[in-house]
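# I'll drop the sequence and a predicted model, then ask my questions.
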Amino acid sequence: MQDLRGKVVLLDFWASYCGPCLEAMPELQGLLERRRSQGLEVLGVGLESSEGLAAEFLRAAGVRYPSVLDVDGAVSRSYGVRGLPTAILIGKDGSVRRVWTGYEPGLIQEIDAAASALLEEGTVRGG
């Protein structure tokens, strides 16, 4: 996987049994497509034990961003994930900046605004 240092990263914690995860994922894919050129990366973290089931779920969701399996839940526990889906926004400095648990229509606009603000940090603008 490419080096993520210096980028804004959105971790998407999901599971195949999570209906709201399936709803959120296409919106996160769209966000990535709009913001990747500015330095945003999205990385999925699946709470799954079966690679086959995970791959099938990701295909059904139309997800093309990379995703890893958190078979033993260690990654989820290290980030304090308490529900699904959970989106965690990490700044260019590697620190957790925002956490969203659950999904509802319109949430992607809030995530987009927070990601955009982080992408702008440290950017010199001409004038």
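Thanks, I have it.

# so where is the protein shaky, pLDDT-wise?
Within the chain, the ranges that satisfy pLDDT under 70 run 1-2, 122-127.

# in it, which helix has the most residues?
Across the chain, the longest stretch assigned as helix under DSSP state H is helix 19-35.

# going on from that helix, what's the next piece of helix or strand?
Downstream of helix 19-35, the first helix or strand assigned by DSSP states H and E is strand 40-46.

# For that next one, output the C-alpha coordinates as CSV.
Provided in CSV are the C-alpha atoms of strand 40-46 (Å, rounded to 0.1, in the frame of the first residue of the first chain):
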residue,chain,number,x,y,z
LEU,A,40,-7.3,12.5,0.6
GLU,A,41,-7.1,8.7,0.9
VAL,A,42,-9.9,6.4,2.1
LEU,A,43,-9.0,3.0,3.7
GLY,A,44,-11.6,0.5,4.6
VAL,A,45,-11.3,-1.7,7.7
GLY,A,46,-13.6,-4.7,7.6
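
# Which residues does it contact?
By CB atoms under 8 Å, 6 or more residues apart in numbering, the residues outside strand 40-46 that reach it are 1-2, 4, 7-16, 25, 28-29, 31-32, 54, 57-58, 63, 65-70, 75-76, 115, 119. Any C-beta I mention is one placed from the backbone N, CA and C, and that applies to glycine too.

# Report the angle between that strand and helix 19-35.
Strand 40-46 and helix 19-35 are oriented at 160 degrees to each other (axes from the mean of the first three to the mean of the last three CA atoms, to 10 degrees).

# Okay, buried residues for whichever helix or strand comes after strand 40-46 please.
Using DSSP H and E, the next helix or strand after strand 40-46 towards the C-terminus is helix 51-61. Judged by neighbour count (16 or more other CB atoms under 10 Å), helix 51-61 contains these buried residues: 54, 57, 58, 61.
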